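Q: fold the following.
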Amino acid sequence: MVIACTRVSTAPQALQYGQKTQVDDLERYAAAQGYTIGQWIHETQSGADELEDREAVQQYFQAAKRHKNAVFLFPRVNRLGRRSELILTIARRLLALGATVNVLGVPGDIATPEGWFTFTMLAGQAEYEYRSDNTTLAKGKLKKAKMGLWAHGRPPHGYRVQRDERGYSTYLEVDEAKAPVYREIFALGEQHGSETTASLIYQKYGMMFSSARIQQIWKNPTYKGMAKITLQGEVVYIQCPPLVNTAQWQLVNDKLRSRARDREGNRAFEKSVLTGFVRCGECGSGAARAKSYVRRTAPQQGYYYRCVYASKTASHNLPNCTHSKMYDSRKLEPHCWQLFCDTITQPTVLERLMQPAPQEQDTAHQVAVLDLESKLARAWQPYTDGRISYEVAQLMAQPIADELEALKRQAKKPVPESNIPAVQLVAVASKMLENAVTLEQRRELLALFSTRFFVSPNGVRIQIKVPLLEGANYA
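A: Model prediction:
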């Protein structure tokens, strides 16, 4: 199976000359080599994006697994990616899957030491060109901005970009067709918070704004006639037509800051009885409580719980945690509280939980172990690639292996078993439960028992630790 691959960074390039040129080059090469192309994989995405975020790259690997001895054709080295480590990783993984990788312009077979050396140099050149292009573009934008011209991509909402006869951007101007919405956002900001403003705008215009987006609009100085742009670490201000007057912009921002200082009664920071007590049932990490909006006829605020490591954008993401389900707080919170009440008031149930399982390692310890394991794998990689001897690789890897072993020995030891009678504990706990009426009282009771609720699609599992309760006779 011969698989031809193309990549362009933007949709206009795909619709115009970019992708067609690559297709023509690959077809000519295939005809010259006697290949019959059996599959095309076209990609429209930046080559600087991470591999797990590039769907086409995942298609490469799936095709290599599906077709034994597949041949992959690429028009140029920089069509695999725009960063050298990404280019080399794609090629290395395809070769490991038994595929052949042919790149136009790369002499020889990249599976040989000589071919890989050349390919590595060209991958470095591809990244150098990418970085140079970005630097040149940023310098040009900075120079243009200092001249008072708009040079920074899309304009803020409520504005549009003026262009000269060549089609180049020049200045910002108010888009009167959209401006009324954003003027009203500022008018509502004089009396209301961001959530109420979002709701009222939706009811009147049918436009959906999150609370965070409303606040970003209020804080943007462009709307008072002074666009702020940061390029290469340098801040440049560009004058533009104001959408609201400076006094109104300042008033809305003063009210926004005052609401941020006075968080009492602010629903964004409203506590729940379960805040801090819910854990992911898969990886054991905390489950964060966040806002959500259910929009039908109008935005309605709600809350949900989800594992803090469910988002793959988190830089500290734990691998292999696929638990991304969101749990409605209106259902989860009463269920967990009832489960807690049933647990501490029934001796037979309580007895089973009074022999706690070994404590899980804390998240920081897990992350440190994972980092060292990754570093150890990288230390052995040159030996795996055949670039260094086993003895040299062992000398490089041994200090990391020793550090990893020492770190693993620091893992927490199991909690000793408790011999407190469950019946006596239930009697005292039941009395405390009767007095736990307010939210804070209930949270104090959950904390007293070191309660943890492990939530998963299979249900909720509770874990408690037996405290020394005043009034219980353990003799």
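Q: could you look up the SS state of D402?
A: Of the three states, D402 takes helix under DSSP: H, G, I helix; E, B strand; the rest coil.
Q: an error on my part: the question was meant for M432.
A: State at M432, reduced to three classes by three-state DSSP: helix.
Q: go on, the one 10 residues further on?
A: For R442, the secondary-structure state derived from three-state DSSP is helix.
Q: distance of it from G302?
A: Note on R442: its distance to G302, by C-beta to C-beta, to the nearest Å, is 21 Å. The way it works is simple: take the backbone N, C-alpha and C, and place the C-beta from them, glycine included.
Q: so for these two, which residue has more residues nearby?
A: Taking other C-beta atoms under 10 Å, R442 and G302 do not tie; R442 has more neighbours (17 against 13).
Q: looking at it, K204 is touching E184, isn't it?
A: Yes: judged on C-beta atoms under 8 Å, K204 makes contact with E184 at a distance of 7.5 Å.
Q: and the next element down the chain from the top helix by length along the chain?
A: Scanning the chain for the helix with the most residues, using DSSP state H, yields helix 113-146. As assigned by DSSP states H and E, the chain's next helix or strand after helix 113-146 is strand 159-163.
Q: Q125: neighbouring residues, count only.
A: Applying other C-beta under 10 Å, we find 13 residues neighbouring Q125.
Q: any idea how far it lies from I87?
A: For Q125 relative to I87 (C-beta to C-beta), the value is 10 Å.
Q: where do the contact lists of these two overlap?
A: V77 (C-beta atoms under 8 Å, 6 or more residues apart in numbering).
Q: could you pull out the helices in the stretch 1-150 of the chain for me?
A: Under the criterion DSSP state H, counting those that start in this stretch, helices of the stretch 1-150 of the chain are mapped to 11-15, 17-33, 55-66, 84-96, 113-146.
Q: closest to E434 out of these?
A: helix 55-66 (56.5 Å; C-beta to C-beta).
Q: dump that closest one to CSV, keeping only the CA atoms.
A: Only the C-alpha atoms of helix 55-66 are listed here, as CSV (Å, rounded to 0.1, in the frame of the first residue of the first chain):
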residue,chain,number,x,y,z
GLU,A,55,-5.8,13.9,13.4
ALA,A,56,-3.9,13.3,10.2
VAL,A,57,-0.8,12.1,12.1
GLN,A,58,-2.9,9.6,14.0
GLN,A,59,-4.2,8.4,10.6
TYR,A,60,-0.6,7.8,9.5
PHE,A,61,0.1,5.5,12.4
GLN,A,62,-3.3,3.6,12.0
ALA,A,63,-2.6,3.1,8.3
ALA,A,64,1.0,1.8,9.1
LYS,A,65,-0.5,-0.7,11.6
ARG,A,66,-3.3,-1.7,9.2
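Q: residues in contact with it?
A: 1, 3, 5, 7, 39, 41-43, 45, 51-52, 70, 72, 90, 93-94, 97-99.
Q: try it again with 10 Å
A: 1, 3, 5-7, 38-39, 41-45, 47, 49-52, 54, 70, 72, 74, 80-81, 86, 89-90, 93-101 (C-beta atoms under 10 Å, 6 or more residues apart in numbering).
Q: please identify the buried residues of that helix?
A: Using 16 or more other C-beta atoms under 10 Å as the test for burial, helix 55-66 gives V57, Q59, Y60, F61, A63, A64.
Q: make JSON lines from these and add pLDDT to it.
A: Formatted as JSON lines, the buried residues of helix 55-66 follow (pLDDT from 0 to 100):
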{"residue": "V57", "pLDDT": "93"}
{"residue": "Q59", "pLDDT": "94"}
{"residue": "Y60", "pLDDT": "95"}
{"residue": "F61", "pLDDT": "94"}
{"residue": "A63", "pLDDT": "94"}
{"residue": "A64", "pLDDT": "94"}
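Q: so which of these comes closest to V106?
A: Nearest to V106 among these, with distances taken as C-beta to C-beta, is Y60, at 16.9 Å.
Q: could you check how far that closest one is from K68?
A: Distance of Y60 to K68, given as C-beta to C-beta: 15 Å.
Q: also S430?
A: 67 Å.
Q: how about the buried residues of helix 55-66 in CSV, adding distance to V349?
A: Rendered in CSV, the data for these read as follows (distance: C-beta to C-beta, whole Å):
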residue, distance to V349
V57, 50
Q59, 51
Y60, 53
F61, 48
A63, 53
A64, 53
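Q: and the residues you listed, which is closest to M396?
A: For the buried residues of helix 55-66, the residue nearest M396 by C-beta to C-beta is F61; the value is 28.5 Å.
Q: the closest one and H67, how far apart?
A: Per C-beta to C-beta, F61 is found 12 Å from H67.
Q: quick check: neighbours shared by these two?
A: Shared contacts of F61 and H67 (C-beta under 10 Å, 6+ apart): L97, A99.
Q: which of the contacts of helix 55-66 count as buried?
A: Neighbour counting over the contacts of helix 55-66 (16+ other C-beta under 10 Å) leaves 1, 3, 5-7, 41, 43-44, 47, 54, 70, 72, 74, 80-81, 86, 89-90, 94-95, 97, 99-101 as the buried ones.
Q: return the subset of those residues lying in strands.
A: Residues from the buried ones among the contacts of helix 55-66 lying in strands, with DSSP state E as the criterion: I3, C5, T6, R7, I41, E43, T44, F72, F74, T100, V101.
Q: lowest confidence element among the helices and strands of the chain?
A: Least confident helix or strand of the chain, by mean pLDDT, DSSP states H and E, is helix 11-15 with a mean of 62.
Q: nearest spatial neighbour of T275, skipping sequence neighbours?
A: Leaving out its chain neighbours, the residue that sits closest to T275 by C-beta to C-beta, 6 or more residues apart in numbering is R289, at 5.6 Å.
Q: so which helix or strand takes in V428?
A: helix 422-435.
Q: against which helices or strands is that helix packed?
A: Packing partners of helix 422-435 (3 or more C-beta pairs under 10 Å, 6 or more residues apart in numbering; DSSP states H and E): helix 329-344, helix 347-353, helix 439-448.
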